[in-house]
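# Need coordinates for the below:
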Amino acid sequence: MHTTFPQQPFLYLAPIRGITDALFREILVNHFNGFDAAIAPFINPQEQSPSDDKLIRDILPEHNPNLPVIPQLLHNKPEPFLILAQRLTDLGFTHINWNLGCPAPMIAKKKRGSGLLPHPEKILHLLDNVLPKLTIELSIKTRLGFHSHEEIITLLPQLNQYPLKEIILHTRLGKQLYKGKTDPDGFAMCQKLSKHPLVYNGDLNDPDTYNSLATRFHTTDRWMIGRGALANPMLAEQIKGIEGVSNLTKLERLQDFHKELFARYQKRLSGPSHILGRLKLLWSYLILSFPGHEKQLKKIQKSHTIEQYSQVIEQLFKQAKNCSR
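Numbers count the residues shown, from 1 in each chain. So this is what the prediction gives:
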């Protein structure tokens, strides 16, 4: 039997707080291809006025010139959700995303993110009160449950009555955080339960994994990549079959990407600790693009000044280039 695949998958850049902000997204797209859109890290519910641009600075159109961005809301009460949604609509957005997937304990214990999944009545209450008043498309990003699959098994059929754009499904439980194996079988189960388009998310770390999953889920044409893109910023273009380049050229592209990111961080962020904190978090993933040089991560993490950091990174790229010749 012949399997028909979409000509090109639609690829989202996942929201990863502390890394994939507007500046990172801009520079990533400056150097690498393949992503079609990004879900922004969630807007943190606060008591400030929704007209205060400080709350939504990251998703303002002027800060996102090159990659379509979808704002993400974390609210669990209809009234503030609607107020912010209207503000985003006024800014010209046509699609917002509701975060029912964040597993962070501080979020989940407040019954936000994946912490709402054991409480389907609260999810339905918000949708009942929000969707009739929205003039903007709404999607949901969620997980296979917080404690167990029974939660998503209960929720998905009830969501079928609502006009959602799509459901992005991270194939872990909330209690797993980002540990342990993902569960493609859980995604297959959800396909049978949901009438909405599903987007696959979770450990899409290399083209082989994508190809295997795309073969299995051949009707799925929308995918989300997060940590895999931080480890290998070329992953989206590799998945789309954009012509490969030599290892040396890859390293040069990575070096150019890091050079611009480093320079822009120094202009944007305040003080060495803030700059290095951001970069060290990125390198905890990016070091995987330097096989055989993983020990350099310790030197990066131990850097306390911009000068120390610069020397370690210069040495890392030099060693990696010499090994690839």
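# Is K195 in contact with Q161, as I believe?
No: in this structure, K195 is not within contact of Q161 by Cβ atoms under 8 Å, at 9.2 Å. For glycine as for every other residue, the C-beta is placed from the backbone atoms N, C-alpha and C.
# ok, and the closest non-adjacent residue to K122?
Residue nearest to K122 in three dimensions, not counting chain neighbours: L116, with 5.9 Å by Cβ to Cβ, 6 or more residues apart in numbering.
# Can you pull out the low-pLDDT segments for the stretch 201-325 of the chain?
243-244 (pLDDT under 70).
# buried sites along stretch 299-317?
Of all the residues in stretch 299-317, those buried under the rule 16 or more other Cβ atoms under 10 Å are I300, S303, Y309, V312, I313, L316, F317.
# just stretch 63-81 next, same as before
N64, L67, V69, I70, P71, Q72, L73, L74, H75, N76, P78, F81.
# Save the residues you listed as CSV, and put in distance to R17 and secondary structure too.
Compiled in CSV, those are given as follows (distance: Cβ to Cβ, whole Å; DSSP: H, G, I helix; E, B strand; the rest coil):
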residue, distance to R17, secondary structure
N64, 17, coil
L67, 18, coil
V69, 15, strand
I70, 15, strand
P71, 14, coil
Q72, 10, strand
L73, 14, strand
L74, 11, coil
H75, 16, coil
N76, 18, coil
P78, 24, helix
F81, 19, helix
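# Closest one of the residues you listed to K321?
Of all the buried residues of stretch 63-81, L67 has the smallest distance to K321: 29.0 Å, by Cβ to Cβ.
# returning to what we had before: so what's the residue count around the residue nearest to K122?
Around L116 there are 27 other residues, counting by other Cβ atoms under 10 Å.
# these two touch, right, it and N76?
Yes: with contact defined as Cβ under 8 Å, L116 counts as touching N76 (6.0 Å).
# Could you look up the next helix or strand downstream of the lengthiest helix in the chain?
Longest helix of the chain, by residue count under DSSP state H: helix 247-268. Using DSSP states H and E, the next helix or strand after helix 247-268 towards the C-terminus is helix 272-286.
# how far does stretch 260-277 stretch from start to finish?
This stretch, stretch 260-277, spans 17 Å end to end (Cα to Cα, to the nearest Å).
# quick one: which helix or strand includes I168?
For I168, the element it lies in under DSSP H and E is strand 167-170.
# Report the mean per-residue pLDDT for that strand.
Mean per-residue pLDDT for strand 167-170: 98.
# which parts of the helix or strand just after that strand are buried?
Toward the C-terminal end, the helix or strand that comes next after strand 167-170 (DSSP H and E) is helix 184-193. By 16+ other Cβ under 10 Å, the buried positions in helix 184-193 come out as P184, G186, F187, M189, C190, L193.
# just to revisit the earlier point, quick check: which helices or strands does the strand holding I168 pack against?
strand 137-143, helix 184-193, strand 198-201 (3 or more Cβ pairs under 8 Å, 6 or more residues apart in numbering; DSSP states H and E).
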